[in-house]
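Q: this one's sequence-less:
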């Protein structure tokens, strides 16, 4: 008898397979080699597994600028770097406290180093609130003597310059509210307002060292590091805002007034308070003061309010410590430009101060002749003031006063030159000649424009 196997084959094969499966265990699947970000964080990054000593050795090999870039990799790296720069060893090594260099190369190197430090502290404190950032940062720098007012007596010190570059790099791009907090923080930790008050309420020139220190700190730390006008305007306004007008005028002179050459006995320059009264100064000595006036004029939005405020400040400024030499007032107006000069003279014209206007105009004409300005500028200025006056008698009076003042000032110079004052004789006579030339040029231009 023949066996039928065709129907039993599939069954037997399936049975065999099931038996084999029971005998041989399943092979383990290969491990996954790709990890998600959360798994990486859970298990710790590469730098987590490094001993802190090794990580610090790595950071020791990097420059300050490289470390500042490295901080931006992740929050963990930022935390490691903050711990690293908080050590006393790093502070002693990287925060330079010697600023008394004699060569320009050394000075540039230190200023560049503090620019890099500003970038490092800016980046590693990026996620902190403003107040916490300032506390963390300035706790590292607040006790450096060359960064403090009236603490460094060295003749050549770039401490304030380094401090200014560091601060400018640190807060570049911050909004106005944050910059207000920075100013308040600085005032609190340096007693800046108290030191200002001690200087500006006293007699000009008595506290000459404190005046110079205040000037250097405000200029080199807060004002001069900013290349753009709006930022410099902001800091100047913060310095002036707390004080009344007379104190604002004094502070403006302390910050931007003429600085006389070094005194051999004092080894330091001093502010030229008395020189503004006793003699005329060249335009280079008054340019900083004119630039400050223009800076304030550009800050305020209301043109009428700006003009009135600056006129009030100028009226206080030109009588400190006593009324200035008229040529210095005239030169300051010329440097401030036609708009401001017109505002000053028109204000006096409206108030009937024609003799004062006439004397100022004569000296403005003299300054233009001395310093090489075109005489047509003064002629246009006189024409503008002429239009301010409403009645024909007032206009005639202005012309009459101006011509009489030419004669009076000429006579003053002549009488002074013949009295005999040694070395001043030649200078006075030369000024008299220039005045006569300027009068001729002015009248020529004035008549030419009138006839046209």
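A: Perfect, I can see it now. On a predicted model such as this, the values are computed, not experimentally measured, just so you know.

Q: before we move on, what SS does residue 250 have?
A: Of the three states, residue 250 takes helix under DSSP: H, G, I helix; E, B strand; the rest coil.

Q: before we move on, what about residue 215?
A: helix.

Q: now the helices: where do they sit in the stretch 251-400 of the chain?
A: Using DSSP state H, counting those that start in this stretch, the helices found in the stretch 251-400 of the chain span residues 275-278, 283-299, 303-317, 326-336, 338-350, 354-371, 375-388, 392-418.

Q: how far is stretch 250-261 from where the chain is centred?
A: Its chain's average C-alpha position is 15 Å from that of stretch 250-261, according to CA atoms, centre = their mean, to the nearest Å.

Q: out of the helices of the stretch 251-400 of the chain, nearest to residue 197?
A: helix 303-317 (16.9 Å; CB to CB). Heads up, the C-betas are built off the backbone N, CA and C, glycines and all.

Q: helices or strands up against the closest one?
A: helix 245-256, helix 283-299, helix 338-350 (3 or more CB pairs under 8 Å, 6 or more residues apart in numbering; DSSP states H and E).

Q: how about a cut-off of 6 Å?
A: helix 245-256 (3 or more CB pairs under 6 Å, 6 or more residues apart in numbering; DSSP states H and E).

Q: which outside residues touch the helix it packs on?
A: Here helix 245-256 makes contact (CB atoms under 6 Å, 6 or more residues apart in numbering) with 200, 211, 215, 218, 240, 288-289, 292, 312-313, 316-317, 320.

Q: which parts of that helix are buried?
A: Neighbour counts over helix 245-256 (16 or more other CB atoms under 10 Å) mark 246, 247, 248, 249, 250, 251, 252, 253, 254, 255, 256 as buried.

Q: stretch 212-229 too?
A: Residues of stretch 212-229 classed as buried: 212-226 (neighbour count, 16+ other CB under 10 Å).

Q: just give me the closest of the residues you listed to residue 49.
A: Among the buried residues of stretch 212-229, and counting by CB to CB, the member closest to residue 49 is residue 225, at 42.5 Å.

Q: give the contact list for the closest one.
A: 164, 165, 168.

Q: so it, which of the three states?
A: Residue 225 - assigned by three-state DSSP - is coil.

Q: go on, residue 162?
A: helix.

Q: would you agree it is in contact with residue 114?
A: Yes. When contacts are counted by CB atoms under 6 Å, residue 162 is listed as touching residue 114 (4.2 Å).

Q: quick check: the gap between residue 105 and residue 114.
A: According to CB to CB, to the nearest Å, residue 105 stands 16 Å off from residue 114.

Q: picking that back up, just the buried members of the contacts of helix 245-256?
A: 200, 211, 215, 218, 240, 289, 292, 313, 316, 317, 320.

Q: wait, residue 199 touches residue 210, no?
A: Yes. When contacts are counted by CB under 6 Å, residue 199 is listed as touching residue 210 (5.1 Å).

Q: these two: which is more packed in?
A: Set residue 199 next to residue 210 and count neighbours by other CB atoms under 10 Å: residue 199 wins out with 21 against 17.

Q: where does the stretch 151-300 of the chain dip in pLDDT?
A: Within the stretch 151-300 of the chain, the stretches with pLDDT under 70 are 262-269, 299-300.

Q: again, only using 50
A: 263-267 (pLDDT under 50).

Q: now for the most centrally placed residue in the chain: which residues touch it?
A: Taking CA atoms, centre = their mean, the centroid of the chain lies closest to residue 223, which sits 1.9 Å from it. Listed by CB under 6 Å, 6+ apart, the contact partners of residue 223 are 232, 235.

Q: hmm, 8 Å instead?
A: If you count contacts by CB atoms under 8 Å, 6 or more residues apart in numbering, residue 223 has them with 232, 235, 236, 255.

Q: right, and residue 164 touches residue 220 too?
A: Yes. Residue 164 is within contact range of residue 220, at 4.9 Å (criterion: CB atoms under 8 Å).

Q: nearest to residue 187, of the buried ones among the contacts of helix 245-256?
A: The closest of these, once distances to residue 187 are taken by CB to CB, is residue 218, at 11.5 Å.

Q: ramachandran angles for the closest one?
A: phi -70, psi -40 (degrees, to the nearest 10).

Q: ok so, going back, got CSV for the buried residues of helix 245-256, with distance to residue 388 too?
A: What follows is the buried residues of helix 245-256, written out as CSV (distance: CB to CB, whole Å):
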residue, distance to residue 388
246, 28
247, 31
248, 27
249, 25
250, 31
251, 32
252, 27
253, 29
254, 34
255, 33
256, 30
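
Q: wait, which of those is closest to residue 93?
A: Nearest member of the buried residues of helix 245-256 to residue 93, counting by CB to CB, is residue 255, at 35.7 Å.

Q: contact partners for the nearest residue to residue 161 once chain neighbours are set aside?
A: Once flanking residues are discounted, residue 161 sits nearest to residue 220: 5.0 Å by CB to CB, 6 or more residues apart in numbering. Residues in contact with residue 220, defined by CB under 8 Å, 6+ apart, are 160, 161, 163, 164.

Q: what ranges do the helices span in the stretch 101-250 of the chain?
A: 104-124, 130-141, 159-171, 176-190, 192-200, 208-217, 229-240, 245-256.

Q: neighbours around residue 69, how many?
A: Residue 69 - counted by other CB under 10 Å - has 13 other residues nearby.

Q: got a list of what it touches?
A: Counted by CB under 8 Å, 6+ apart, residue 69 has contacts residue 123.

Q: could you rerun that using 7 Å?
A: With contact set as CB atoms under 7 Å, 6 or more residues apart in numbering, residue 69 has no partners.

Q: can I assume it sits in a helix?
A: Yes. Counting by three-state DSSP, residue 69 is part of a helix.

Q: quick check: it vs residue 274, distance?
A: 53 Å.

Q: before we move on, what about residue 330?
A: Taking CB to CB, one finds residue 330 at 19 Å from residue 274.
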